[in-house]
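Participant: Output the structure for:
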Amino acid sequence: MDAESWAALLTPRLAQFTAVARHEHVTRAARELAVPQSTLSRAMVRLEDDLGIALFARRGRSVALTPAGRTFLASVEKALGSVEQAAEAVRADADPATGKVAFGFLHTLGSETVPALIRSFRADHPRVRFSLVQNYGEAMLDRLRAGTLDLCLTSPVPDAPDLAARRLDEQRLRLVVPDDHRLARRKRVRLAEAADEQFITLEPGYGMRRIFDTLCADAGFAPRIAFEGEEAETLRGLVAAGLGVALLPPPTVSRPGVVELTVTAPRAVREIGVAWLDGQPDTQPVAAFKKFLLSRRGQLLA
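Facilitator: Okay, here's the model as predicted:
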């Protein structure tokens, strides 16, 4: 018999076994468990029969654990203790006042946007806890599907049958060039004017990379990629070093060595949205935070 079958077979009787072992008396254990004494006696006999070993030495209605019974009891108590801890943990996470929200967000939203959101939410929910994950979009959607995230802020807004998503805001993207670049004195630029440049961009799989590829195609060119990275501010540093240009969301803090140009055509924006696993019931803390995020439509990035 495999371990899963043993667990399914034995689990309903483990609490009964520990009660009998603790009282060393079937009648008193039955009274504690609120079951008939005869039912409990039969359950212990079936448990021994299933295991093929005697767990109790019987002396009338009193019982004493055999050496095998003591070994079994030690493991059973650990197992039941783990179950108790797991139950308490999930109940604590769902508590309306002190529960937990597993929340994911893009790297570019981590320095100001997300801290401000959580600070504002906790003004009315001061004891709600957050488990935070900062990652790129596809990785967070995988975590939603795996059940390790409740909600995530991502871009582009996903369109998948197993996910629910709502658009919250948008960011204008900028062409970032070195401060000594031929376009550096401009304020606005068409993306096609950079068609011959070397581009520094995020790696494939990032939502911003998909937006970049689409915008370049809309502008009528295939970009020449000089470097691929994992984080927007690193890309800005490479632009400042003169290694290429980049299409990026606005920075939190202005960086020396680069100039950021408004892109007039095509319309260069990225939508930011909140996503969750469709059909999954929310705990009260998750429902409250989801409602809060949806109330910030058009103001998420303010």
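Participant: Could I get the contacting residues of Glu112?
Facilitator: Counting by Cβ atoms under 8 Å, 6 or more residues apart in numbering, Glu112 makes contact with Thr252. Heads up, the C-betas are built off the backbone N, CA and C, glycines and all.
Participant: Walk me through which strands the helix or strand where Val177 lies pairs with, and which way each runs.
Facilitator: Assigned by DSSP states H and E, Val177 belongs to strand 174-178. Applying DSSP bridges, strand 174-178 is found paired with strand 246-248 (antiparallel), strand 258-265 (antiparallel).
Participant: want to try a markdown table for the ones you listed, with mean neighbour count as columns?
Facilitator: As requested, these are exported to a markdown table (neighbours: other Cβ atoms under 10 Å):
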| stretch | mean neighbour count |
| --- | --- |
| strand 246-248 | 26 |
| strand 258-265 | 18 |
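Participant: hmm, back to that, beyond the strand holding Val177, next helix or strand please.
Facilitator: Downstream of strand 174-178, the first helix or strand assigned by DSSP H and E is strand 188-190.
Participant: what comes into contact with that next one?
Facilitator: Contacts to strand 188-190, defined as Cβ under 8 Å, 6+ apart, come from residues Leu175, Leu183, Ala219, Leu261, Thr262, Val263, Thr264, Ala265.
Participant: avg pLDDT for it?
Facilitator: The pLDDT scores in strand 188-190 average 97.
Participant: next one: that strand to chain centre, how far?
Facilitator: Offset of strand 188-190 from its chain centre (Cα atoms, centre = their mean, to the nearest Å): 38 Å.
Participant: buried ones in that strand?
Facilitator: Using 16 or more other Cβ atoms under 10 Å as the test for burial, strand 188-190 gives Val189.
Participant: Pairing partners for that strand, with directions?
Facilitator: Neighbouring strands of strand 188-190 in its sheet, by DSSP bridges, are strand 258-265 (parallel).
Participant: what's the pLDDT at Asp169?
Facilitator: pLDDT recorded at Asp169 is 97.
Participant: Contacts only, for the closest residue to it other than its chain neighbours.
Facilitator: Excluding its sequence neighbours, the residue lying closest to Asp169 (Cβ to Cβ, 6 or more residues apart in numbering) is Leu300, at 3.9 Å. By Cβ under 8 Å, 6+ apart, Leu300 lies in contact with Thr113, Leu117, Leu153, Leu168, Asp169, Ile272, Leu293.
Participant: Sheet-wise, list the partners of the strand or helix carrying the fourth one with their directions.
Facilitator: With elements delineated by DSSP H and E, Leu168 resides in strand 163-172, which encompasses its position. In its sheet, strand 163-172 lies beside strand 269-277 (antiparallel), with partners assigned from DSSP bridges.
Participant: any idea of the mean pLDDT for the strand it pairs with?
Facilitator: Rounded mean pLDDT across strand 269-277 is 97.
Participant: Around the closest residue to Met208 other than its chain neighbours, how many other residues sit close by?
Facilitator: Spatial nearest neighbour of Met208, excluding adjacent residues (Cβ to Cβ, 6+ apart): Leu202 at 5.1 Å. Each residue near Leu202 was counted by other Cβ atoms under 10 Å, and the total is 24.
Participant: Surely Leu202 touches Gly229?
Facilitator: Yes. Leu202 is within contact range of Gly229, at 6.2 Å (criterion: Cβ atoms under 8 Å).
Participant: Need the overlap of contacts for those two.
Facilitator: Residues touching both Leu202 and Gly229 (Cβ under 8 Å, 6+ apart) are Leu235.
Participant: Sort out which one of the contacts of strand 188-190 lies nearest Ser38 for me.
Facilitator: Comparing those against Ser38 with Cβ to Cβ places Val263 closest, at 81.1 Å.
Participant: Okay, and the beta partners of that closest one?
Facilitator: Beta-bridge pairing of Val263 under DSSP bridges involves Val189.
Participant: what about the helices in this structure?
Facilitator: For the chain, applying DSSP state H gives helices covering 3-23, 26-33, 37-51, 67-94, 113-121, 137-146, 207-218, 232-240, 284-294.
Participant: The longest one: which residues count as buried?
Facilitator: When burial is assessed from 16+ other Cβ under 10 Å, helix 67-94 yields the following buried residues: Gly69, Phe72, Leu73, Val76, Asp93.
Participant: With the second one instead?
Facilitator: With burial defined by 16+ other Cβ under 10 Å, the residues of helix 26-33 counted as buried are Val26, Arg28, Ala29, Ala30, Leu33.
Participant: Check stretch 238-251 too.
Facilitator: Leu238, Val239, Ala240, Gly244, Val245, Ala246, Leu247, Leu248, Pro249, Pro251.
Participant: For the spatially closest residue to Phe227 that is not a sequence neighbour, list the residues it contacts.
Facilitator: Nearest residue to Phe227, sequence neighbours excluded (Cβ to Cβ, 6+ apart): Ile200, at 4.7 Å. When contacts are counted by Cβ under 8 Å, 6+ apart, Ile200 touches Ile225, Ala226, Phe227, Glu228, Gly229, Leu235, Leu238, Val239, Leu243, Gly244, Val245, Ala246.
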